[in-house]
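> here are the coordinates; sequence isn't available:
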């Protein structure tokens, strides 16, 4: 057909070439931004190379959660942007947020307990936090330089809400259009409003994720007992349980209690917080990383996952403080996990014997330290 290949044949007669036409956004969905907090400070500690590996592990893990229903909008540094055109049940949407949060926490534990890097900074990944921004509205997609981009006014609103005045570290902020999801969470909601120069006032509610985090740790808590331990070391201490329990929480005095310990340090969190990270340097050069798996102040017991253990790599350690006729019965329980299977029974037994010898020395050192404190009448917190 004549003229079918001319440029003007593809341009409407009533629009000059180069003039854009308005396009009505016909797609509707829910937008979720999962933003990692503390990343800038963390990156300055670990460097780009370590930071890249850690961030990749975290973001990939979060995106894999229900990736059939939630599409990737973009990855923006330390922020994962996903959207869904199918999600409509408020309870299902919040369950998705919970699962993403739990996967984030699992990934942090994998990083801390699986890292062979002893720079110290890598083990501070436990300081990282997660917050969510959730909004719904119209959108469209376009391709720029071969990459898909999600565009629209409501997408802009969601991103603007990353800058807000919420005073807590881990939360889910839900725009007024998503208040039904906040209600379905079963958590206490707090109202908020932000004002932006280009958008005006935006109302929202937010929920604190502290209870979600606590529930995550409760469900994963494990406490060893004599029945399921490879090594048991128990000692009777002539001092009240309250004093012994308080002493075990004081890492600053660790080298005074345990014969082989040179230095103990808390890297992230506190000694009373599951998910916290601690390190212990021993006189033989052994450097152990402790990831606190469980902490029960009522029953006076706690569990750490230890990494960096020579030969075996990792093991679980539970310590327990119980009242006894002498005053206190203190116990160490160890479950040894061999990263590489050891076929030699004699070597296996030698490893167990070495751990038992260290544990025996530790409980004897703790006994002497606590009985000396008790004899000197030191106060119990």
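Nice, thanks for sending it over. All values reported here derive from a predicted model rather than from experimental measurement.
> contacts and neighbour counts: CA atoms only from here.
Noted.
> how many neighbours does residue 361 have?
17 (other CA atoms under 10 Å).
> Provide the secondary structure category for it.
Counting by DSSP: H, G, I helix; E, B strand; the rest coil, the backbone at residue 361 sits in helix.
> Any figure for the gap between it and residue 317?
15 Å (CA to CA, to the nearest Å).
> Repeat that for residue 37.
Distance, residue 37 to residue 317, by CA to CA: 30 Å.
> The two: who's more crowded?
Taking other CA under 10 Å, residue 37 and residue 317 do not tie; residue 317 has more neighbours (23 against 17).
> Tell me which residues touch the residue nearest to that one when sequence neighbours are not counted, please.
In space, and not counting its chain neighbours, residue 317 is closest to residue 334: 4.7 Å by CA to CA, 6 or more residues apart in numbering. Counting by CA atoms under 8 Å, 6 or more residues apart in numbering, residue 334 makes contact with 224, 229-232, 315-318.
> Quick one: these as TSV, columns for distance to residue 256, secondary structure and pLDDT too.
As requested, those are exported to TSV (distance: CA to CA, whole Å; DSSP: H, G, I helix; E, B strand; the rest coil; pLDDT from 0 to 100):
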residue	distance to residue 256	secondary structure	pLDDT
224	26	coil	97
229	26	coil	95
230	26	coil	92
231	23	strand	95
232	22	strand	97
315	24	strand	92
316	23	strand	94
317	20	strand	96
318	20	strand	97
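> how about those, which pair is most distant?
Greatest spatial distance among the contacts of residue 334 (CA to CA): 232 and 315, at 13.3 Å.
> Only the buried residues of the helix or strand of the chain with the lowest mean pLDDT, if you could.
When each helix and strand of the chain is scored by mean pLDDT, DSSP states H and E, helix 39-63 comes last, with a mean of 80. For helix 39-63, a neighbour-count test (16 or more other CA atoms under 10 Å) marks 39, 42-43, 45-46, 51, 54-55, 57-59, 62-63 as buried.
> between these, which is nearest residue 306?
Out of the buried residues of helix 39-63, the member with the shortest distance to residue 306 (by CA to CA) is residue 54, at 20.0 Å.
> if you skip the residues just before and after it, what's nearest to the closest one?
Per CA to CA, 6+ apart, closest to residue 54 is residue 111, 7.2 Å.
> after the stretch of helix or strand that neighbour belongs to, next one along is what?
In the assignment (DSSP states H and E), residue 111 maps to helix 90-114. Remark: after helix 90-114, the chain's next helix or strand is strand 129-144, criterion DSSP H and E.
> was I right about residue 107 contacting residue 57?
Yes. Contact between residue 107 and residue 57 holds when scored by CA atoms under 8 Å: they sit 7.0 Å apart.
> in the stretch 51-200 of the chain, what spans have low per-residue confidence?
115-123 (pLDDT under 70).
> switch the cut-off to 80
51-52, 113-126, 146-147 (pLDDT under 80).
> For residue 157, grab phi and psi.
phi -60, psi -50 (degrees, to the nearest 10).
> Quantify the burial of residue 281 by counting its neighbouring residues.
Residue 281: 17 neighbours (other CA under 10 Å).
> what about the residue lying closest to it once chain neighbours are set aside, distance to residue 51?
Nearest residue to residue 281 in three dimensions, chain neighbours excluded: residue 287, at 4.6 Å (CA to CA, 6+ apart). Distance check for residue 287 against residue 51: by CA to CA, it reads 22 Å.
> again with residue 153
In terms of CA to CA, residue 153 sits 32 Å off from residue 51.
> for residue 183, same thing?
36 Å.
> what do you get for residue 325?
For residue 325 relative to residue 51 (CA to CA), the value is 52 Å.
> now swap in residue 215 and tell me
Taking CA to CA, one finds residue 215 at 28 Å from residue 51.
> Run through the stretch 251-381 of the chain and note the low-pLDDT ranges.
Using pLDDT under 80, the stretch 251-381 of the chain drops low at 284-285, 337-344, 373-381.
> how about 50 then?
380 (pLDDT under 50).
> Now do the strands in it.
Ranges of strands within the stretch 251-381 of the chain are 261-268, 277-282, 287-296, 301-309, 313-324, 327-338, based on DSSP state E, counting those that start in this stretch.
> Could you dump the ones you listed into TSV and include distance to residue 346?
Listed next are the strands of the stretch 251-381 of the chain as TSV, based on distance: least, CA to CA, whole Å:
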stretch	distance to residue 346
strand 261-268	27
strand 277-282	25
strand 287-296	24
strand 301-309	18
strand 313-324	18
strand 327-338	15
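> which one of those is the most hemmed in?
Among the strands of the stretch 251-381 of the chain, ranked by average contacts under mean count of other CA atoms under 10 Å, first place goes to strand 287-296 (a mean of 23).
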